[in-house]
Structures are given as structure tokens and as C-alpha cells.
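> Provided below for reference: sequence and predicted model.
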Amino acid sequence: MHRSLREQAPLVQCLTNYVSMDLVANLLNAAGASPAMVHDDHEAGEMASLASAVVVNIGTPSPPWVSGMHAAASVARERGIPWVLDPVAVGATAYRRETVTALLAHRPSVVRGNASEVLAMASATAAGRGVDSTHESDQVVAPAQELATRLACVVVVSGGTDVVTDGDRTLLITGGDARMPLVSALGCSASALVAACCAVTPDPLVGAATAMALLAVAGERAGRTAAGPGTLRPHLLDQLHLLEPGALAGVTLR
Ligand SMILES: Nc1ncnc2c1ncn2[C@@H]1O[C@H](COP(=O)(O)OP(=O)(O)OP(=O)(O)O)[C@@H](O)[C@H]1O
Ligand SMILES: Cc1ncsc1CCO
Ligand SMILES: [Mg+2]
């Protein structure tokens with residue numbers, strides 16, 4: 001799978017927030033995929049007809065962007081290519097909740113969020129404070145499984161342990177570095193990498209787990225030499241680029 005990603009270099013259309021664009025593009029490049037940041041509604045649907053996968057991230061939403069998201073997601077669904085929804089801070093405002101609910105009509109292949117975001121989607125009452133999680137990922141396994149079943153998609157909860165589930169099958173991935181959440185937009189980049197990996201395998205559970213495992217291995221290696229979150233970011237890009245075939249063999253999957 002990791003080899004297929006490098007060989008096929010899938011074109012990943014990214015409709016992602018202002019904060020994340022640079023890291024998302026560079027992280028996809030380092031992993032071997034080919035990013036294109038195309039979000040405007042004049043061209044988002046047309047671009048989705050060329051892409052191998054799409055990631056839709058609601059981090060800095062506004063009506064024209066959201067209309068581009070609908071155009072891209074609807075073409076992705078029509079073409080049967082994977083599309084990943086990143087529901088940034090969905091519990092924080094009514095606009096985000098409404099946007100996510102409307103986008104779900106296009107049936108994402110994968111929803112990737114942190115624990116607070118997945119809890120907010122799983123329960124009508126849970127709210128979130130902002131973009132950072134106030135919950136632990138391994139505490140939300142059951143809500144993630146229920147959400148995956150209800151949406152008929154894969155749900156990824158990132159955190160100290162990454163939870164990847166389609167409701168029936170659940171994988172837990174450990175690794176990474178405790179300073180990874182301090183690198184803003186690393187979660188957004190994880191969502192884009194999930195899209196890239198899903199472009200090269202028919203099973204979105206395998207694609208999503210592979211993406212999170214690649215980040216876990218590269219993150220752990222980067223952490224050995226990084227002094228803090230500032231240097232963790234470039235070291236992580238380097239380590240993703242340097243990953244050897246077979247690098248995932250040592251990943252702990254439960
Ligand atoms: N405590 C931790 N230890 C190791 N890795 C972690 C830890 N917390 C998060 N990660 C990793 O960091 C990456 C980003 O996940 P995180 O949960 O911080 O996303 P996020 O909150 O959506 O981030 P953002 O909104 O800034 O993009 C994932 O690859 C995840 O596995
Ligand atoms: C900090 C921040 N604010 C909106 S999107 C974003 C990037 C991390 O999700
Ligand atoms: Mg996030």
C-alpha cells in the first residue's frame with residue numbers, strides 16, 4: 001500500500017482551511033501523493049472529475065467555500081472515488097454543525113476528526129470548545145463505531161491512540177509523538193493522507209489505517225530528533241519522505 005502510494009502518486013484535491021494549506025500540501029508531497037488545493041465553486045466540481053481522491057475540511061468555512069465543497073463531494077460520490085470529511089470544531093458553532101450535516105448527504109468514505117469532533121458528531125448533546133480535542137481518542141471507541149455504522153463509512157479518531165473503524169472492524173494504532181497535537185493542522189494533514197491512501201486501495205478501512213500508521217511511524221522517528229513542535233514539523237516531513245518499504249511492519253495494531 002505504501003509502495004502503491006509512491007508508485008501511483010494519486011492526485012488529491014484538497015478543500016482545506018487557510019491554516020492548513022501549506023502543511024497539507026507538503027505532507028502529501030513528502031508521502032508520495034500529489035496535492036491540488038482547489039476549492040472555489042467555479043472549479044471545484046470540475047477538478048473533482050480529474051482527482052483520485054478529495055478531502056473536504058471545514059476548518060475556516062464560509063458560504064462560497066461550502067458551495068465548492070458540495071460540488072467536489074457530489075462529483076466524488078458520483079464517480080466512486082474516495083472523499084474524506086474533516087469536521088473541524090463541528091461541536092463549536094451552529095454553522096459548522098449545519099455544514100457537516102449537509103455535506104453528509106454526499107456520503108463520505110471516511111470521517112476523520114479528533115475525539116471531541118467525533119463525539120460531537122456521534123451525539124446531539126456533546127459540544128466542543130474549538131479545534132483542539134478535550135477528550136481522549138480511546139474513550140470514544142463505542143461512539144466512533146456507532147457513528148461509522150450510522151453513516152456507513154469509516155470513522156477515524158486521531159489522538160494518542162488512533163481509532164479506525166467501519167462499525168464492524170476496529171483497529172487501534174499507537175505510536176507518534178506526544179507533541180504532535182501542538183503542530184497545528186497535523187490532523188488536517190492526516191485527513192488528506194487518509195484520502196491519498198484510500199485512492200490506492202479499494203478498502204477505506206485499510207487506506208485510513210495505513211495513513212494513520214505512516215504518520216505514527218514517521219512521527220515517532222521525528223520525535224527522536226525534534227526539540228519541540230517547531231522542529232517536529234519539518235522532521236516529520238523528512239521522516240515521511242524517508243520511510244522505507246516495510247516501515248509499517250513494526251506498527252502496533254490491535
Ligand atoms: N498524544 C499523542 N501521542 C502521539 N500522537 C498523537 C497524540 N495526539 C495526536 N497524535 C497524532 O497527531 C496527529 C494529529 O492528530 P490530532 O488529534 O492532534 O488532530 P486534530 O486535533 O484534528 O489537529 P488539527 O485540528 O490541528 O489539524 C495524528 O496523526 C495523531 O495520531
Ligand atoms: C487553528 C485552526 N482554526 C481553524 S482551522 C485550524 C487548523 C487546525 O484545525
Ligand atoms: Mg482537526
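Arrived safely, thanks for sending. Ligands and ions are numbered 1, 2, ... in the order given.
> residues near residue 101, how many?
11 (other Cβ atoms under 10 Å). Where you see a C-beta, it was placed from the backbone N, CA and C, and this is true even at glycine.
> number of nearby residues for the residue lying closest to residue 182 once chain neighbours are set aside?
Leaving aside its sequence neighbours, residue 182 sits nearest to residue 229 (Cβ to Cβ, 6 or more residues apart in numbering; 3.8 Å). Counted with other Cβ under 10 Å, residues neighbouring residue 229 total 15.
> was I right about residue 229 contacting residue 185?
No. Applying Cβ atoms under 8 Å as the test, residue 229 and residue 185 come out as separate, 11.6 Å apart.
> for the protein, which helix is longest?
The helix spanning the most residues in the chain, taking DSSP state H as the definition, is helix 204-225.
> Just the buried positions in it, please.
By neighbour count with 16 or more other Cβ atoms under 10 Å, helix 204-225 contains the buried residues 204-223.
> mind checking pLDDT for residue 78?
Note on residue 78: pLDDT of 98.
> Quick one, grab the pLDDT at residue 133.
On the pLDDT scale, residue 133 is placed at 81.
> and the longest helix of the chain, what other elements does it pack with?
In terms of contacts (3 or more Cβ pairs under 8 Å, 6 or more residues apart in numbering; DSSP states H and E), helix 204-225 is packed against strand 110-114, strand 154-158, strand 161-165, strand 170-174, helix 186-198, helix 229-242.
> Could you confirm whether it reaches ligand 1?
Yes. Judged by Cβ under 6 Å from any ligand atom, helix 204-225 and ligand 1 are in contact via 215, 219.
> tilt between that helix and helix 229-242?
Orientation of helix 204-225 against helix 229-242 (axes from the mean of the first three to the mean of the last three Cα atoms, to 10 degrees) gives an angle of 120 degrees.
> who touches the nearest residue to residue 139 once chain neighbours are set aside in this structure?
In space, and not counting its chain neighbours, residue 139 is closest to residue 115: 6.7 Å by Cβ to Cβ, 6+ apart. Counting by Cβ atoms under 8 Å, 6 or more residues apart in numbering, residue 115 touches 133, 135-137, 139-140, 157, 159.
> picking that back up, go back to the buried residues of helix 204-225 and keep what's next to ligand 2.
Applying Cβ under 6 Å from any ligand atom, the subset of the buried residues of helix 204-225 adjacent to ligand 2 is empty.
> Number of residues surrounding the residue in the chain positioned nearest to ligand 3?
Nearest to ligand 3, among the residues of the chain, is residue 187, at 3.5 Å (Cβ to the ion). For residue 187, the count of nearby residues is 26 (other Cβ under 10 Å).
> if we look at the sheet, which residues does the closest residue to it other than its chain neighbours bridge to?
Leaving aside its sequence neighbours, residue 187 sits nearest to residue 158 (Cβ to Cβ, 6+ apart; 5.5 Å). Counting by DSSP bridges, residue 158 is bridged to residue 114.
> can you pull the contacts of the residue most central in space within the chain?
Per Cα atoms, centre = their mean, the C-alpha nearest to the average position across the chain is that of residue 191, at 1.2 Å. By Cβ under 8 Å, 6+ apart, residue 191 lies in contact with 55, 57, 84, 86, 110, 112.
> The stretch 151-254 of the chain against ligand 1: which residues are in contact?
With Cβ under 6 Å from any ligand atom as the criterion, the stretch 151-254 of the chain comes near ligand 1 at residues 158-160, 162, 176-178, 180-181, 184-188, 190, 215, 219.
> and stretch 225-234 with ligand 2, contact?
No. Judged by Cβ under 6 Å from any ligand atom, stretch 225-234 stays clear of ligand 2, getting no closer than 13.2 Å.
> Give the rounded mean pLDDT of that stretch.
Here stretch 225-234 scores 98 as its mean pLDDT.
> Sweet, I'm off.
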